[in-house]
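Visitor: Sharing a model prediction with you, sequence too.
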Amino acid sequence: MKTIKLGVANYCVPCHAHCRYCLLSSCGKATGVSFERGQRLAERLIKESADSGIGISYYIGYCMDTPFLREYLEFCRAYGMPSAKFLQMNGFHFMPPEEIDALMRMTADLGVEMMDFTVYGTGEYHDRFAGRGGDHGLLEAMLRSALAHGIAVNVSVPVIKDNLEQLDQVLDEAQRWGAEKVKLFLPHSKGRGWNLRDKRITKTDYENLSPQVKSHFSKTAVKPEAEWIRAQEFPHPTERILTLVLTPEEADRVESMHFREILAMLEALDDENRKKMPDAEALSRRYGDPEGMRMYRVRDLILLWRQVYGRESGESLRDIQDERSHFCTEML
């Protein structure tokens with residue numbers, strides 16, 4: 001398995017929402033190190049990796065609501081990171097219009113070109129899902145302000161059984177707001193997503209969607225579990241992105257390590273996990289439902305089987321795909 005990139009994640013900014021679908025299982029507090037400390041480490045690793053052929057990315061927070069947003073964007077721009085131009089905008093504190101306007105003006109001046117807003121359904125349902133009243137209205141206000149400052153906006157909508165009947169209305173609302181693109185997608189099972197696995201839509205649910213809704217679905221192939229099992233077209237990736245997640249408990253140790261040592265540590269964690277984890281074909285035989293009609297992207301189906309194996313087996317498996325600690329992203 002070839003490592004092509006090393007990420008550094010510093011969850012130093014708490015999120016103000018409490019979404020039922022959070023890949024980080026946000027706990028309402030920061031779990032990383034200070035902003036300055038994390039950025040110093042990322043900058044050192046960028047310099048130490050200059051001749052390695054491995055790129056370094058750096059990102060912060062459970063959300064982007066930080067007083068250091070300007071410094072973060074300037075850092076990302078200085079090192080040519082995509083985060084300099086794109087921001088995910090959920091989870092901000094409630095702001096009056098003038099504060100929203102100032103935020104959007106600042107980010108536009110710093111070169112942000114695109115923002116994404118995740119919407120779970122219509123107003124009342126979205127607010128319940130996000131765990132706070134008024135969240136839907138805040139997203140609309142922020143989105144409209146972003147557009148007014150020349151920033152393009154996307155709206156992303158995870159589709160589960162509970163919001164199926166709202167999807168046409170969600171699309172209409174997003175288009176009235178002025179969203180440039182609305183993307184519907186099937187959820188993963190990372191973090192709190194694990195608790196939504198029984199809410200996954202079926203083939204019949206998908207077929208009954210309106211043409212408008214279907215036209216906004218992600219282009220990534222989705223099929224019922226039974227069809228993935230019959231096809232046995234499971235990917236066998238050869239490249240990966242490894243991510244170092246900074247925590248106060250580990251900070252002193254990783255700060256004393258060279259880029260090469262950190263890379264070797266993460267590769268060893270992932271390699272050991274792969275030795276213990278059955279391949280996709282074996283997992284499908286053990287956990288797959290040959291009659292299953294729930295819809296998946298293939299990566300999410302394999303992830304779910306791996307999660308079940310990790311919970312049921314006696315192996316001392318460390319979930320290297322759990323984004324709350326050091327993790328691996330396979331390049332499918």
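Guide: Now that the structure is in, tell me what you want to look at. All of these numbers come straight from a predicted model, not from anything done at the bench.
Visitor: hey, let's count contacts and neighbours off CA atoms from now on
Guide: Fine.
Visitor: what sits against W177?
Guide: Each residue near W177 by Cα atoms under 8 Å, 6 or more residues apart in numbering is listed here: E140, L143, R144.
Visitor: any idea how far M89 is from it?
Guide: 15 Å (Cα to Cα, to the nearest Å).
Visitor: got it, and K47?
Guide: From K47 to M89 the distance is 30 Å (Cα to Cα).
Visitor: more crowded one of these two?
Guide: M89 (16 against 11; other Cα atoms under 10 Å).
Visitor: which ones are touching that one?
Guide: C63, M64, M115, D116, F117, T118, L139.
Visitor: At which residues are the helices of the protein located?
Guide: Using DSSP state H, the helices of the chain run over residues 35-48, 69-78, 97-109, 123-130, 135-148, 167-177, 203-207, 211-215, 225-231, 248-255, 259-276, 280-287, 298-312.
Visitor: need those helices in JSON lines with mean pLDDT and distance to K161, can you?
Guide: Compiled in JSON lines, the helices of the chain are given as follows (pLDDT from 0 to 100; distance: least, Cα to Cα, whole Å):
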{"stretch": "helix 35-48", "mean pLDDT": "98", "distance to K161": "39"}
{"stretch": "helix 69-78", "mean pLDDT": "98", "distance to K161": "36"}
{"stretch": "helix 97-109", "mean pLDDT": "98", "distance to K161": "33"}
{"stretch": "helix 123-130", "mean pLDDT": "97", "distance to K161": "13"}
{"stretch": "helix 135-148", "mean pLDDT": "98", "distance to K161": "20"}
{"stretch": "helix 167-177", "mean pLDDT": "96", "distance to K161": "11"}
{"stretch": "helix 203-207", "mean pLDDT": "97", "distance to K161": "8"}
{"stretch": "helix 211-215", "mean pLDDT": "96", "distance to K161": "14"}
{"stretch": "helix 225-231", "mean pLDDT": "97", "distance to K161": "16"}
{"stretch": "helix 248-255", "mean pLDDT": "96", "distance to K161": "39"}
{"stretch": "helix 259-276", "mean pLDDT": "95", "distance to K161": "33"}
{"stretch": "helix 280-287", "mean pLDDT": "97", "distance to K161": "22"}
{"stretch": "helix 298-312", "mean pLDDT": "93", "distance to K161": "17"}
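Visitor: Can you give me the pLDDT of the nearest residue to R324 once chain neighbours are set aside?
Guide: What sits nearest to R324 in space, not counting adjacent residues and going by Cα to Cα, 6 or more residues apart in numbering, is L24, at 5.6 Å. Confidence at L24, expressed as pLDDT, is 92.
Visitor: could you say what helices and strands the longest strand that the chain contains packs with?
Guide: In terms of residue count, the longest strand belonging to the chain (DSSP state E) is strand 2-10. Here strand 2-10 touches helix 35-48, strand 55-60, strand 239-245, going by 3 or more Cα pairs under 8 Å, 6 or more residues apart in numbering; DSSP states H and E.
Visitor: quick one: it to strand 239-245, angle?
Guide: Strand 2-10 and strand 239-245 are oriented at 20 degrees to each other (axes from the mean of the first three to the mean of the last three Cα atoms, to 10 degrees).
Visitor: Neighbouring strands of strand 2-10 in the sheet, and parallel or not?
Guide: When pairing is defined by DSSP bridges, strand 2-10 lines up against strand 55-60 (parallel), strand 239-245 (parallel).
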